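**Student:** here's a sequence, model it:
(4 chains)
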Protein chains: 4
Amino acid sequence: MLAFECDYNNGAHPALLQKLAETNDTPEPGYGEDRYSLSAAEKIRACCGAPDADVYFLAGGTQTNVVVLSAILAPFEGAVCAETGHIHVHEAGAPEYAGIKTLTLPSHAGKIDAKELEAFAERFYADEAHEHMVFPGAVYLSHPTEYGTLYTKAELTAIASVCRKYRMRLFLDGARLGYGLMSRNTDVSLCDIAALCDVFYIGGTKVGALCGEAVVFLNGTMPKHFANHVKKCGAMLAKGRLIGAQFDALFTGDLYFALGRQGIESAERLKAVLKEKGYRFFLETDTNQQFVILENRQMEALARSVRFSKWEPFDASHTVVRFATSWSTTDADIEALRAVL
Amino acid sequence: MLAFECDYNNGAHPALLQKLAETNDTPEPGYGEDRYSLSAAEKIRACCGAPDADVYFLAGGTQTNVVVLSAILAPFEGAVCAETGHIHVHEAGAPEYAGIKTLTLPSHAGKIDAKELEAFAERFYADEAHEHMVFPGAVYLSHPTEYGTLYTKAELTAIASVCRKYRMRLFLDGARLGYGLMSRNTDVSLCDIAALCDVFYIGGTKVGALCGEAVVFLNGTMPKHFANHVKKCGAMLAKGRLIGAQFDALFTGDLYFALGRQGIESAERLKAVLKEKGYRFFLETDTNQQFVILENRQMEALARSVRFSKWEPFDASHTVVRFATSWSTTDADIEALRAVL
Amino acid sequence: MLAFECDYNNGAHPALLQKLAETNDTPEPGYGEDRYSLSAAEKIRACCGAPDADVYFLAGGTQTNVVVLSAILAPFEGAVCAETGHIHVHEAGAPEYAGIKTLTLPSHAGKIDAKELEAFAERFYADEAHEHMVFPGAVYLSHPTEYGTLYTKAELTAIASVCRKYRMRLFLDGARLGYGLMSRNTDVSLCDIAALCDVFYIGGTKVGALCGEAVVFLNGTMPKHFANHVKKCGAMLAKGRLIGAQFDALFTGDLYFALGRQGIESAERLKAVLKEKGYRFFLETDTNQQFVILENRQMEALARSVRFSKWEPFDASHTVVRFATSWSTTDADIEALRAVL
Amino acid sequence: MLAFECDYNNGAHPALLQKLAETNDTPEPGYGEDRYSLSAAEKIRACCGAPDADVYFLAGGTQTNVVVLSAILAPFEGAVCAETGHIHVHEAGAPEYAGIKTLTLPSHAGKIDAKELEAFAERFYADEAHEHMVFPGAVYLSHPTEYGTLYTKAELTAIASVCRKYRMRLFLDGARLGYGLMSRNTDVSLCDIAALCDVFYIGGTKVGALCGEAVVFLNGTMPKHFANHVKKCGAMLAKGRLIGAQFDALFTGDLYFALGRQGIESAERLKAVLKEKGYRFFLETDTNQQFVILENRQMEALARSVRFSKWEPFDASHTVVRFATSWSTTDADIEALRAVL
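**Tutor:** Numbering: from 1, shown residues only, chains lettered A, B, ... in the order given. Down below sits the predicted model:
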């Protein structure tokens, strides 16, 4: 069975397993105070051009979104996001369970628009009832988005500018950041993100790690006693070294970027195969997720030999499905898919 | 620097790393539906003599305590525990963050007493104001306790009997269960625990794993849509295989028990050394944690070559400190400690 | 200054004050167990044709919405509502603070559509990721809506039918129910509502009382230990008699309905005056709220002698404003408004 | 049936009903912005000698405790209180539902001890694990306590001093404050409380009002957008005038104090009668609550003609019961009780 259903169906890159094995027998303090976490944080700060950033490692995406939002929002604030945003749709109400309301903007293939954001904020403060409403305290972006799309540097800059104007923190969910940074059609670098956001994270789970997201707090946004907050959220690992060592490996040399590139190159081969076979694209993206429209019986037939994600109904007889590549997709995988298609 | 400060300062047992490496390249479904998680669950059910149990893997102890308690408690209920219970003292308010009140009983070297529990429940229901109070909905035990002590089978049975009488679920925190089961002075087996508790967990983090706790729900206590609840709590790993594969290795052969035994044997050697050197015990236990009383200057001197935990003040000039062994403690570690002491 | 900004700017109907005075000196049990609350509940059950209903009195609308939703929803469920619903927009995140996500449908002048509701539920259960999403557990309607509009009996019946099909509880916010029931253009009676909903409330605050909403639970939807839940939500009044006595007066004779009628008749006079003066309606409704479009300078001028609510911008130079009548609006008030307009 | 079971079994003092009637027909803004609330706040500030205080009216005690604590505590903080404190025992878990842990100290007839508080704080910060614990962020006192006892000025001053030393806010629950201030054996004035506390409230519900507590924030402790927080907690009344007008009446002349005195004088007569009849005191207090020990059959017999509260078991055959007087207790009530006893 070929596996293109997601970008987290394999284990870890061998270099990460190797690092875990090498560091296994050294006793280290728990709770993220180990030397590997400290070293990884230092490498990430350097890579981001942000020597004063606070870097903190958490285990997964939903957890990170909730821990970060509940840390940076005041009690009267919520998080603005696209109506397709992961925190709004696919987190089983985790933000709300932490008391956080999501305030939605239209989705443009997964992205929000700076002008619509500004209009939203302007309307909010103009509303005479706004003291009875949830204040827009942060803006949540995913980059790449849930639809595999990317913000341009100009778009991010415009959004950041609206955020500053209305005192909203800019939070970027980079669960798939490696694929975004290594896309052939992006002008956004890791340093740009660090310069524009108040907090963001570098996804490990989907880019070569067994688990782990590296949260980068800029501008002093990490609150006092943040570790206590992490513990309170049930998000603290006793052996923080598990994530620290993996990120230390990911940010040794350019491994993280190489893994992103591998996912992108596989996606390009995938797109070529899909086109060659005459598939109809719903959304052809510059990252590792590709969306095609399948006739429903064709879809069921294909599902017998390939795993993919049913995304949403297209019409009564067609469905949008997603094929995802990742750092672990090989040329052989693509060739096998060609054979099946 | 010798490391006796806790039982989670090393990585994982090599067999677990080996299992992660071996299974690394097989694509598997996410969110705990992978074949390793399923296999590990099956082995655990067999080991517990509980073919109908639901087994679910979570990453760490605080997370597990909160996810389980919030899953099994009704809105009007809280959790009864010893005043020294981990959920009451050392979880940064994680239970309360999930809306759960802890209702405390006196601690007898970390344990609660069945008679005191019964008196508490009886008094609660006799109180004419009890509809304005938090109902005792579950009893939380740790076994071994935070003080390294163990319940006897008779004690557990008596507590379980009170729980049934007052419709309280019995939840046992087994973060260090391996050391409890392999103690030389216990008559409590894993099957006993499965027979007496409504839900408990088998700790991996402190017994050979990088992370992971295996929750065992008995008597149908796992609620409908539990995976949704886990996600909502930010506790779901995309790559559930990380924990599943480790537990699959731990429950292949008798590895989990062998690791427990190693921690216990090391603790016995440690006790012998401490006695030989004339140390004064605050609490000499049958598991992997030992508590001794050090004069404060002596403590500071020792801290230069050995890591241990400062537990609590004993008097103005003395402190109770904890030495912990684990599955990874070697004879050489103990010999090195003897040399230092 | 003429006051048309809302329907809760005056005190209480004199009969309620009279009742409070008459009953003032009788000692009564607290927490809603007083004889007036019991009597009022009995009268409400009779009026609803629902002899088995549970009736509970709470102080205000937001409180009632949150207490009820948190009582009837399972942990994996949220509340479906119009994107203009009070719980979604104007409650400062109170539902989310209690862990409840609002799931929005398009607003048709404040109302949701049964077909769109059905499509939403169908799509939800067809989504292969729905276990990672918030389940639609209840449907929240306001009747009259925030825009003064009313559901027809056929519309309510269709919505109730979808609710039953998808196991969603139907919850109707009747903060302004008196005005809805006494509209000249409604075919929905109190008994219809009791027959179609799982839980609803009869608003007192906006229909003649100083405070108070009467929650009517049908079909056994009031959970066990509900009073404990109310207390936990900080919503229990020690002197429940304050609300009970007021509702006892409101449901003695047809006072509640007479007050509704007074608000409706005033609204009709108001509409006539607005039309006579050539005002442009944004939304002319059958209840006590009327929405007109004012040019912005005209609006500022008018605001010097009349209080009304700025609802939302209409275009760059015009604003939608709301005029509300109530049980306390007199003919003299309308005449004074005519003079000003 | 004579009613001595609590101090909230009657309606309101006639002057308050009179005030509600007089102000009934004036249209006023909602949500506590009405002129009566503003006037009452001004009078309270004057009475407290605290011209810069922020005064906010809420409906009841549990609500006030939760709204205030959740407003003043940082996410990493909890509230220290006596183990008999209302927030710890009798609020159905309302603080925990808002995420707040109660940290208990021994109760000395309902009071905490400054030295024990200091030892607790000192121990907390000395604990090397304290980052994994709930920080003591506020101290909760009730005055009078749940046992009718009172702090002396020296005791309050000592507690306030410990609070300043360890950066804890001092919060005083004055649900029965009127009875405390008018006790014959107190040296604590309202101005003292305002000078020593960071926030406290003046109870209306138990001292002559239908409902209402006046929260007084000192030292800038009322957070930004507090009204939004109140709304979010479901605690905002649309007709804030209901509470504002009552407090305006209570603080016109010395009514609030006169009502307190009436409760105290009744309590003195009650004590005299109980002694005259040979009753055995469990706790004879200087305020309006008196605790006596009754043999159980005697208790059941007495319960047929007098309502009182069963407080707690004394021994197998005796029970501690509470008799409470209030502002509404008359000499005739006491004489009737004498006849029954």
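**Student:** so what's the nearest residue to A:Gly244 once chain neighbours are set aside up against?
**Tutor:** Nearest residue to A:Gly244 in three dimensions, chain neighbours excluded: A:Ser37, at 2.9 Å (C-beta to C-beta, 6 or more residues apart in numbering or on different chains). For glycine as for every other residue, the C-beta is placed from the backbone atoms N, C-alpha and C. With contact set as C-beta atoms under 8 Å, 6 or more residues apart in numbering or on different chains, A:Ser37 has these partners: A:Phe57, A:Gly240, A:Arg241, A:Ile243, A:Gly244, A:Ala245, A:Phe247, A:Asp248.
**Student:** do stretch A:74-94 and chain D meet at all?
**Tutor:** Yes - contact between stretch A:74-94 and chain D is present through A:Ala74, A:Pro75, A:Phe76 (criterion: C-beta under 8 Å from any C-beta of the partner chain).
**Student:** tell me which element the first one falls in.
**Tutor:** Taking DSSP states H and E as the definition, A:Ala74 sits outside all helices and strands.
**Student:** the spatially closest residue to it that is not a sequence neighbour and C:Val66, how far apart?
**Tutor:** Spatial nearest neighbour of A:Ala74, chain neighbours left out: A:Gly137 (5.9 Å); criterion: C-beta to C-beta, 6+ apart. Per C-beta to C-beta, to the nearest Å, A:Gly137 is found 21 Å from C:Val66.
**Student:** of those two, who's got more company?
**Tutor:** Neighbours per residue (other C-beta atoms under 10 Å in any protein chain shown) separate A:Gly137 from C:Val66, with C:Val66 holding more: 25 against 22.
**Student:** coming back round to it: so can I have CSV of the residues of stretch A:74-94 next to chain D showing neighbour count and pLDDT?
**Tutor:** As requested, these are arranged in CSV below (neighbours: other C-beta atoms under 10 Å in any protein chain shown; pLDDT from 0 to 100):
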residue, neighbour count, pLDDT
A:Ala74, 13, 97
A:Pro75, 21, 96
A:Phe76, 21, 98
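**Student:** looking at those residues, which is nearest D:Ala158?
**Tutor:** Proximity of those to D:Ala158, judged by C-beta to C-beta, is greatest for A:Pro75, which lies at 32.0 Å.
**Student:** the residue lying closest to A:Val273 once chain neighbours are set aside: neighbour count?
**Tutor:** Ranked by C-beta to C-beta, 6+ apart and with sequence neighbours excluded, the top spatial neighbour of A:Val273 is A:Arg338, at 4.8 Å. Residues contacting A:Arg338 under the criterion other C-beta under 10 Å number 15.
**Student:** next one: the strand or helix carrying A:Arg338 to chain centre, how far?
**Tutor:** Element membership for A:Arg338, per DSSP H and E: helix A:331-340. Between the mean C-alpha point of helix A:331-340 and the mean C-alpha point of its chain there is a distance of 27 Å (C-alpha atoms, centre = their mean, to the nearest Å).
**Student:** same question for stretch A:242-261.
**Tutor:** With C-alpha atoms, centre = their mean as the basis, the mean position of stretch A:242-261 lies at 16 Å from the chain mean.
**Student:** mind listing what's buried in it?
**Tutor:** A:242-251, A:255-261 (16 or more other C-beta atoms under 10 Å in any protein chain shown).
**Student:** helices - which of these land there?
**Tutor:** With DSSP state H as the criterion, helices contain A:242-250, A:255-261 from among the buried residues of stretch A:242-261.
**Student:** now do the contacts for the residue nearest the centre of chain A.
**Tutor:** For chain A, A:Ala175 is the residue whose C-alpha lies nearest the centre (C-alpha atoms, centre = their mean; 2.1 Å). With contacts defined as C-beta under 8 Å, 6+ apart, A:Ala175 is in contact with A:Gly61, A:His86, A:Ser142, A:Tyr201, A:Gly203, A:Thr205, A:Lys206, A:Glu213.
**Student:** cool, A:His88 as well?
**Tutor:** Shown here is A:His88, whose contacts under the criterion C-beta under 8 Å, 6+ apart are A:Cys81, A:Ala82, A:Thr102, A:Thr104.
**Student:** which residue sits closest to the third one, ignoring its sequence neighbours?
**Tutor:** Nearest non-adjacent residue to A:Thr102, counting by C-beta to C-beta, 6+ apart: A:His88, 4.4 Å away.
**Student:** chain center to stretch A:72-79, what's the gap?
**Tutor:** Distance of stretch A:72-79 from the chain centroid (C-alpha atoms, centre = their mean) equals 21 Å.
**Student:** ok, stretch A:191-200 next?
**Tutor:** Going by C-alpha atoms, centre = their mean, the spacing between the C-alpha centre of stretch A:191-200 and its chain's C-alpha centre is 14 Å.
**Student:** residues of it that come out buried?
**Tutor:** Taking 16+ other C-beta under 10 Å as the neighbour-count basis, stretch A:191-200 is seen to contain the buried residues A:Asp192, A:Ile193, A:Ala194, A:Leu196, A:Cys197, A:Asp198, A:Val199, A:Phe200.
**Student:** what about that stretch, how long is it end to end?
**Tutor:** The straight-line separation of the ends of stretch A:191-200 (C-alpha to C-alpha, to the nearest Å) is 12 Å.
**Student:** what's the distance between the residue nearest to A:Thr102 and chain B?
**Tutor:** With the distance defined as C-beta to the nearest C-beta, to the nearest Å, A:His88 ends up 14 Å from chain B.
**Student:** quick one: buried residues of the strand or helix carrying that residue?
**Tutor:** Here A:His88 is covered by helix A:86-89, with elements defined by DSSP H and E. Residues of helix A:86-89 classed as buried: A:His86, A:Ile87, A:His88, A:Val89 (neighbour count, 16+ other C-beta under 10 Å).
**Student:** swap in stretch A:219-232?
**Tutor:** A:Thr221, A:Met222, A:Pro223, A:His225, A:Phe226, A:Ala227, A:Asn228, A:His229, A:Val230, A:Lys231, A:Lys232.
**Student:** what distance separates it from the middle of the whole chain?
**Tutor:** Computed by C-alpha atoms, centre = their mean, the chain-centroid distance of stretch A:219-232 equals 21 Å.
**Student:** got the contact list for it?
**Tutor:** With C-beta under 8 Å, 6+ apart as the contact definition, stretch A:219-232 has outside contacts at A:31-32, A:54, A:56, A:58, A:67, A:70-72, A:169, A:198-199, A:236, B:62, B:91-94, B:97, D:74-76, D:131-132, D:135.
**Student:** weed out the non-buried ones from these.
**Tutor:** A residue is treated as buried here by neighbour count (16+ other C-beta under 10 Å); on that basis the buried members of these are A:31-32, A:54, A:56, A:58, A:67, A:70-72, A:169, A:198-199, A:236, B:62, B:91-94, B:97, D:75-76, D:132, D:135.
**Student:** out of the residues you listed, which are inside strands?
**Tutor:** Within those, residues falling in strands by DSSP state E are A:Asp54, A:Tyr56, A:Leu58, A:Arg169, A:Val199, D:Phe135.
**Student:** specify which member of those is nearest to chain C.
**Tutor:** Distances from those to chain C were compared by C-beta to the nearest C-beta; the smallest belongs to A:Arg169, at 16.9 Å.
**Student:** mind listing the residues bridging to that closest one?
**Tutor:** Taking DSSP bridges, one finds A:Ala138 as the beta-bridge partners of A:Arg169.
**Student:** check A:Phe281 too.
**Tutor:** When A:Phe281 is checked against DSSP bridges, its beta-bridge partners turn out to be A:Val292.
**Student:** quick one on the thing from earlier: arrange the contacts of A:His88 in TSV, one row each, with neighbour count and distance to A:Val188 as further columns.
**Tutor:** As requested, these are exported to TSV (neighbours: other C-beta atoms under 10 Å in any protein chain shown; distance: C-beta to C-beta, whole Å):
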residue	neighbour count	distance to A:Val188
A:Cys81	27	19
A:Ala82	28	17
A:Thr102	24	24
A:Thr104	19	24
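**Student:** next step: these restricted to strands.
**Tutor:** Under the assignment DSSP E, these contribute A:Cys81, A:Ala82, A:Thr102, A:Thr104 to strands.
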